[in-house]
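Enquirer: Build me a structure from this.
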Amino acid sequence: NPQTTNRGLFASGSGEILLKGGSTEGEDYLVFNSSGMTISVDDIDITATQFDLDATTLYISSTGNGVIGLGVDGSAVTFGAIGIYLDGLGDFSFVQDASNYIKGGNSNFDIASQNFSLSGSTTLAIDTSKIRLGTNATSTLTHGSDGIYLDSSGKFSFREDAQNFIKGGNSNFEIQADTF
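Expert: The predicted structure follows:
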């Protein structure tokens, strides 16, 4: 029973084993029983020339260049497959499906998304239909506002202020400048 305050190695006739390292009840132990293995410690340090972990959905291997796979079957996740893949060469992929992923490696970086949004504080906003750059880009920057605006319908504006801008859309094109 890991709740014991006694230190030592305990074994039962049924094959259960308890290795108790501390004197605090319920802490610092390793137990093997019919439920599996349980380790309860504050810190674990593992040093090995080779390390492999296959916990079905999580796979870690130090073989070759090293691999971490996370998915329905972590050991089957490869670069570009559904799940999360990382290797020691810097290749990585986070894949939900063929239309939604982030992949990188071999001097390539690819992002695909059916619904994409990027925001940088309040000065940058990018989504599937607009690119906005300027003050309050994430909330109030629209076609004709101060800043840069581009949308998927063809509207665009590059505006410094009311007297200096280039604007197009809705079959109109305007240029105005204090000095031209």
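Enquirer: Low-confidence ranges, the chain, go.
Expert: Along the chain, segments meeting pLDDT under 70 span 1-3.
Enquirer: Spatially central residue (nearest the centroid) of it, please.
Expert: Residue closest to the average C-alpha location in the chain (C-alpha atoms, centre = their mean): F94, at 7.1 Å.
Enquirer: Surely that residue is in contact with I102?
Expert: Yes - with contact defined as C-beta atoms under 8 Å, F94 counts as touching I102 (4.7 Å). No exception for glycine: its C-beta is placed from N, CA and C like everyone else's.
Enquirer: one step back: give me the sheet partners of the helix or strand the residue nearest to the centre of the chain falls within and which way each runs.
Expert: F94 is part of strand 92-97, with elements assigned from DSSP states H and E. Note on strand 92-97: by DSSP bridges, its sheet partners are strand 83-87 (antiparallel), strand 100-105 (antiparallel).
Enquirer: export these to CSV and tack on mean neighbour count and distance to I111?
Expert: Shown next, in CSV, are the strands paired with strand 92-97 (neighbours: other C-beta atoms under 10 Å; distance: least, C-beta to C-beta, whole Å):
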stretch, mean neighbour count, distance to I111
strand 83-87, 20, 15
strand 100-105, 16, 5
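Enquirer: could you dump those strands to CSV with distance to G71?
Expert: Converted to CSV, those look like this (distance: least, C-beta to C-beta, whole Å):
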stretch, distance to G71
strand 83-87, 3
strand 100-105, 13
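Enquirer: which of the residues in the strand holding F94 are buried?
Expert: The neighbour-count check on strand 92-97 (16 or more other C-beta atoms under 10 Å) flags F92, S93, F94, V95 as buried.
Enquirer: swap in stretch 63-79?
Expert: V67, I68, G69, L70, G71, G74, S75, V77, F79.
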